[in-house]
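**Student:** What follows is a protein structure lacking sequence information:
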């Protein structure tokens, strides 16, 4: 089993800082929000995107899948009572000349082997698509 560790601390009423390994990330904890930091819901969505991007890096050599770039758009829906994310929708856009069948194969591998995306899929409605960059 793998284990992960993150530490976080309050800086002031407007933000905090999370640290892992040698990396630091400013966190938006301001009740009014801030434009220069990710809030917890945005961090959650970013972790899904990072998981998918890491999965792409892992499987493209195995599949001999050629691409020039990837972008991912995510949208989460939060309910108020009790507060939680109930659904996440994503769109993976791949700049590639690979066939539609191979693009679908990449998507299946991203979904099958994603630690964060699998965890989220068990807790919320995770849906999405993969498409070719036009």
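**Tutor:** Thanks, I have the structure now. These numbers were taken from a predicted model, which means no experiment stands behind them. Residues are numbered from 1 along each chain as shown.
**Student:** Quick one, grab the pLDDT at residue 28.
**Tutor:** Note for residue 28: predicted pLDDT of 97.
**Student:** what do you get for residue 40?
**Tutor:** Taking residue 40 on its own, its pLDDT is 96.
**Student:** Could you do residue 112 as well?
**Tutor:** 95.
**Student:** again with residue 67
**Tutor:** 98.
**Student:** Over to the one 4 residues further on?
**Tutor:** We have a pLDDT of 98 for residue 71.
**Student:** Also the one 10 residues further on?
**Tutor:** Per-residue confidence (pLDDT) for residue 81: 96.
**Student:** tell me the phi and psi of it?
**Tutor:** phi -130, psi 110 (degrees, to the nearest 10).
**Student:** Equivalent analysis for the one 4 residues further on, please.
**Tutor:** For residue 85, the backbone dihedrals (degrees, to the nearest 10) come out as phi -80, psi 120.
**Student:** Could you do residue 23 as well?
**Tutor:** phi -100, psi 150.
**Student:** how many other residues sit next to it?
**Tutor:** 8 (other Cβ atoms under 10 Å). C-beta here means a position set from N, CA and C on the backbone, and glycine is covered the same way.
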